[in-house]
Structures are given as C-alpha cells and as structure tokens.
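Chemist: For reference, the sequence and a predicted model appear below.
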Amino acid sequence: MSRVRSLVAPVGVTVALVALWQLVVQGAHVHPWMLPAPSSVASSGWESRSSIMTNAVTTIEEAVAGLVIGSFAGVALAFVISLVPVVRRAVWPLVVTSQTIPVIVLAPLVAVWFGYGITPKVVLVALTAFFPVTVATVAGLAGADPELIELVRSFGASSSQVLRTVRIPAALEHIVAGVRIAAAYAVGSAVIGEYVGGTSGLGIFIDQAHRSYRTDSMLAGVAVIAISSIVLFGLVGVIGRRLTPWRDNPTPENRLIGIDT
Amino acid sequence: MLEVRELRHSYGDIDVLVVDALRVDDGAFVSIVGPSGCGKSTLLRIIAGLVAPTAGTIHIDDAPLPTTPGFAGFMPQHDRLLPWRTVRENAVLAADIDGVDRSVSSARADALFERFGLSGFEDAWPRALSGGMRQRVALLRTFLAERDLLLLDEPFGALDAITRRRMHGWLQEVLEADPRSVVFVTHDVDEALVLSDHVFVMSERPGRIVGAIEVPEPRPRPPGIVTSAEFVERKAQVLALLESSDG
Ligand SMILES: Nc1ncnc2c1ncn2[C@@H]1O[C@H](COP(=O)(O)OP(=O)(O)O)[C@@H](O)[C@H]1O
Ligand SMILES: [Mg+2]
C-alpha cells in the first residue's frame, strides 16, 4: 500500500510535465525539428521499436559487461591499494589523474587502440566504472569500526582474520554504493563510445536520427537510454541488498529514488 | 591465578593507572569499582593484551601473560556485535578465530541459547534485538570463547534497573553451571557486592586501588541479600573508600 502511495508523487509530476510539454508544443506551434511533441516522440519510438530494441541490447550488453569488469577491477585495485602501502603511494595519484581525462576524449583513443567493435565500448565503460568502485572500496576497508577490530583482535585474530571478519564485510556496503554510482554512468559511457564509431547501439541510432533531422527519434533514443540506466541502477541496488541482508530495508520512498537506507 | 604487579600506564603525559598488586584466584569473581575515567577499561584492555602497559607485568600462574591478545574472553563496554553476523554467527566468533569447525561451535552455541534467553533469535540480525538481548549475545560470545578468564567491562551498564537485576541472577546461574574466573568492571556498588568474592575500589585518575572488600557469602546469592545488615555495612565501606579517594 505505502509502496503504491510512494509512486503517486513522482508519477504525477512526470505526467504533468509531459502534458505541459505537449500543450506548449501544440499551442506555440514549435517546429517539430526544434522540439517534437511527446506524442510524436512516442509514435516515432513505436515505429522504430525493432531497431531501438536491437540497438538497446547492444548498448546494455556493453554497459553491463563494462560495469562488471570495471567493478571487479576496481575492487581488486582497492584491495592492493589498501593492503600494500607502497602501492597506495605509487598508484593513487595516477588513479586520480586518470579521472581528469574526459570520457569524450578517452573514447576516440580507446577506439584507436581497440577498433570499432564492442570491445572499445566495454573498455570505456570499465574505465569509468572502476574509479567510483575503487574509491568506495578503499574508504570501506579503511573505515571499518576500530572497536569491532579491537574486539576480534581480543580473541587473537590475525590481520587476515581481521580482514575477513570485519574489514571486508564492513566494506561490502561501500562497494555496493560505488557500483551503484558506476551503474548510473555505465549506459551513458557506452553511448559515448558508440558515438565515436561502430555499427550498432543506441549511440548509433541517435547519431543516425540526428543526421536525418529526426529529433523525435533522437528523443525516443534518449528516453530508452534513461530507462536503461535507471533499470541498471535499480538492479544493482537489488543485488546489493541481497549481498548485505543485515542492513535495514530502505523505506519505499527511498527505494524508489534509489537511496539505499 | 592472575596477578598484576607494579602496573603503570600513561597516555602521553597523562598517568592513567597505578596498580601495585591485584590478584584473581582461579574461579574467583572480582569486581573493580571506581569513578568514570579512572582507568578501569584501560586495566581490562591491558589484561586482554590489547594495550601494552607503560610498566609492570601480568602473570598467569607465575608465567608472564602471552604478548599477543587472545588469552582472555574480553567483553568490551559496548556490545560490539558484528552487524553482518546473525546472533548464532556472533556467538561463535571466537571459535571461528580459533579455527574450530562451525558444526562443532554451532552445536555448542545452540545448547546455550535457551539459558541465555535467546532461543528463537538464533538467526536474527543484531539490529533486530533489544539492548538487553544484544548484551546477552555479547556475553554468550564471551562465554563461548572458552577462555578460563573473563574480562567484563560494565556488561550491564546500559540496562534499566529491573533488567539488570534479572541479569545478575542469570549471570550467577550461568557461572555456577560453568565456572570461570571473572574480572568485572562496574560503577554500580550494589552490583559489585552482589556478584563478587572481592570488590576492589579505585581512586580518581590516575586509578590506584584504595581498598578491597571481601564478600564471603557463597555464590549464587539471592537478590534480597542487598537488604541484609552485612551487605549494607559493606556498601557503606565501599562508598567511604570511593569518597575518601576524591581528588
Ligand atoms: N586511547 C586513549 N588515548 C588517550 N587517552 C585515553 C585513551 N583511552 C582512555 N584514555 C583516557 O584514560 C583515562 C581512563 O580511561 P578508561 O580506562 O576508559 O576509564 P574508565 O573505564 O574507568 O572510565 C580517561 O581519562 C580517558 O580519557
Ligand atoms: Mg570504561
């Protein structure tokens, strides 16, 4: 019941905004190339549904593969950074610097190195995903409650036992939070990779729509990107809660907007 | 037998602890009472091997205490349950660290949940428990560590008076069935006198032992003992010691 009620406000606002958009476009006779009405966005999306589907599958595959690879790489790097101080000092500045390169600049470079298949897109997503995961994991491993660490040490725990019984479980919810942030950007990064060159994907679809002045198709593609991102974000949240069953369940409102407390 | 000799501890320039001698016989229940900040928790953490003292030694049966922690069953001031472990998994924590097989340690834990008033909650997460129950899980965890010496730091400090009295009866029962040596820190004089064979009184920081009261009545003791003449007399002695140690 409260789950249903929590849907009322966001759905209401969205419906109102779309209705307003429709009215403005119709009333002010805006040229459809400038801003098509939501109804024409919907109908153009429906007409090209099979093309959108094929392209969306490509993009989602790239996003998921990149997210998985980037997350595992991020966690692995975080463990090395956390456990080997020399590596932390040597590698951390590089890790941070790597994040100052905009994805839009990285994309053509990655294409030069990996060609125009699915690989460069996956690499691009992985490169954007690993950073938030690394940062969150490092923070989680370092931030474990010192009182809990003292407790397990009082029973004679070695440092690897402290890692297993306290640091890793304490880091887990941070890791989940990091992957959620990465998930929110994953589809977008895949699309940027496609923009640089490729044969399939929502980026290609939108680029083609752009070239043929079909703003309505472009917006339909944008809507699919947004929906895919939200679904991926939500999916990571669901998996994350499965991995950390000891945590309080979020309230329905917070779950809806993806706040996981 | 545990013996503390010429123990000194300072944090930086601040002297916290000056304990010349403290003895805990095997199977004895010893309480330490003293004002907040006098160094009681520090003393327990030194005995637990978690903090190296500035000076002095601790001996177990005339051999120096091992230099690594793990010798005693330490129950810190807050329950410190691991949130990602169920009640049962928290209870067997020490056994896990000792490398005991889970099937063995779980069976041992399962035999005690009822006595610790936790049956039905074996698979619950700590966040679902009341303060009193969390405290009992922490105590069960300490018992299941199978150490001969237990160090309990204000285990009932966070509980209301009624629950606390119930826990006293229950702790005595548990110890009667499974005797251990106990060092029990509290600032509740009644609690110390009901539970202990010896009550040591500490001064304000730097904590030194300013007196010891023996309670000869056999344990377990009924809660009504607090109204007996001897008990009231001893309580007056402890309060006088606490009073005289001011400043
Ligand atoms: N890790 C620490 N570093 C510096 N000072 C400390 C530390 N732990 C405790 N103290 C100080 O030492 C004194 C004794 O603390 P504690 O042993 O916790 O006292 P009690 O348990 O009797 O209340 C207090 O003044 C406290 O502030
Ligand atoms: Mg204390």
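Modeler: Looks like it came in fine. Bear in mind the structure is a predicted one, so any value in this text is a computation, not a measurement. Ligands and ions are numbered 1, 2, ... in the order given.
Chemist: and the spatially most central residue of chain B, what are its phi and psi?
Modeler: Taking C-alpha atoms, centre = their mean, the centroid of chain B lies closest to residue B:152, which sits 1.7 Å from it. With angles defined as degrees, to the nearest 10, residue B:152 sits at phi -110, psi 120.
Chemist: Quick check: it touching residue B:191?
Modeler: No. In this structure residue B:152 lies outside contact range of residue B:191 using C-beta atoms under 8 Å: 11.0 Å. Glycine gets a C-beta too; all of them are placed from N, C-alpha and C.
Chemist: still on that earlier bit, please name the bridge partners of the residue nearest to the centre of chain B.
Modeler: residue B:75, residue B:184 (DSSP bridges).
Chemist: Spatially, and excluding backbone neighbours, which residue is closest to whichever residue of the stretch 101-250 of chain A sits closest to chain B.
Modeler: Ranking the residues of the stretch 101-250 of chain A by distance to chain B (C-beta to the nearest C-beta) places residue A:156 first, at 2.2 Å. Nearest residue to residue A:156, sequence neighbours excluded (C-beta to C-beta, 6 or more residues apart in numbering or on different chains): residue B:70, at 2.2 Å.
Chemist: Packing partners of the lowest-mean-pLDDT helix or strand in chain B?
Modeler: Least confident helix or strand of chain B, by mean pLDDT, DSSP states H and E, is helix B:161-177 with a mean of 87. Helix B:161-177 is packed against helix B:131-144, helix B:189-195, with contacts defined by 3 or more C-beta pairs under 8 Å, 6 or more residues apart in numbering or on different chains; DSSP states H and E.
Chemist: Export only the CA atoms of it, formatted as CSV.
Modeler: The C-alpha trace of helix B:161-177 is given here as CSV (Å, rounded to 0.1, in the frame of the first residue of the first chain):
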residue,chain,number,x,y,z
ALA,B,161,17.4,-1.5,36.9
ILE,B,162,14.9,-4.3,36.6
THR,B,163,16.6,-6.0,33.6
ARG,B,164,19.9,-5.5,35.3
ARG,B,165,18.7,-7.3,38.5
ARG,B,166,17.4,-10.2,36.3
MET,B,167,20.8,-10.4,34.5
HIS,B,168,22.6,-10.6,37.9
GLY,B,169,20.6,-13.7,38.9
TRP,B,170,21.1,-15.2,35.5
LEU,B,171,24.8,-14.5,35.3
GLN,B,172,25.3,-16.2,38.6
GLU,B,173,23.4,-19.2,37.4
VAL,B,174,25.4,-19.4,34.2
LEU,B,175,28.7,-19.1,36.2
GLU,B,176,27.5,-21.8,38.6
ALA,B,177,27.0,-24.2,35.8
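Chemist: Now do the same contact list for the residue nearest to residue A:156.
Modeler: Residue B:70 sits next to A:154-157, B:49, B:97 when contact means C-beta atoms under 8 Å, 6 or more residues apart in numbering or on different chains.
Chemist: ok, now residue A:135?
Modeler: If you count contacts by C-beta under 8 Å, 6+ apart, then residue A:135 has A:78, A:178 around it.
Chemist: So for the helix or strand that contains it, mean pLDDT?
Modeler: Using DSSP states H and E, residue A:135 sits within helix A:119-142. The average pLDDT for helix A:119-142 rounds to 95.
Chemist: Show me where chain B has its strands.
Modeler: B:2-11, B:14-24, B:29-33, B:55-60, B:63-64, B:73-75, B:149-153, B:181-186, B:198-202, B:209-214 (DSSP state E).
Chemist: Count the residues that sit near residue B:244.
Modeler: 11 (other C-beta atoms under 10 Å in any protein chain shown).
Chemist: so what's residue 113 closest to, chain neighbours aside?
Modeler: Looking at chain A here, since you left the chain open. In space, and not counting its chain neighbours, residue A:113 is closest to residue A:120: 7.3 Å by C-beta to C-beta, 6+ apart.
Chemist: Not quite, go with chain B.
Modeler: residue B:119 is the one closest to residue B:113 (C-beta to C-beta, 6+ apart), at 4.7 Å.
Chemist: What about that neighbour, how many residues nearby?
Modeler: Residue B:119 has 11 neighbouring residues, counting by other C-beta under 10 Å.
Chemist: quick one: it and ligand 1, what's the gap?
Modeler: 33 Å (C-beta to the nearest ligand atom, to the nearest Å).
Chemist: ditto for residue B:157
Modeler: Using C-beta to the nearest ligand atom, residue B:157 is found at 10 Å from ligand 1.
Chemist: One more: residue B:89?
Modeler: For residue B:89, the distance to ligand 1 - C-beta to the nearest ligand atom - is 29 Å.
Chemist: returning to what we had before: and the least confident helix or strand of chain B, which residues are buried?
Modeler: Across helix B:161-177, burial judged by 16 or more other C-beta atoms under 10 Å in any protein chain shown covers B:163-165, B:167-168, B:170-172, B:174-175.
Chemist: ditto for stretch A:79-92
Modeler: A:79, A:81-82, A:88.
Chemist: okay, those in CSV with distance to chain B, secondary structure and pLDDT next?
Modeler: Formatted as CSV, those follow (distance: C-beta to the nearest C-beta, whole Å; DSSP: H, G, I helix; E, B strand; the rest coil; pLDDT from 0 to 100):
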residue, distance to chain B, secondary structure, pLDDT
A:79, 18, helix, 96
A:81, 23, helix, 94
A:82, 18, helix, 93
A:88, 25, helix, 89
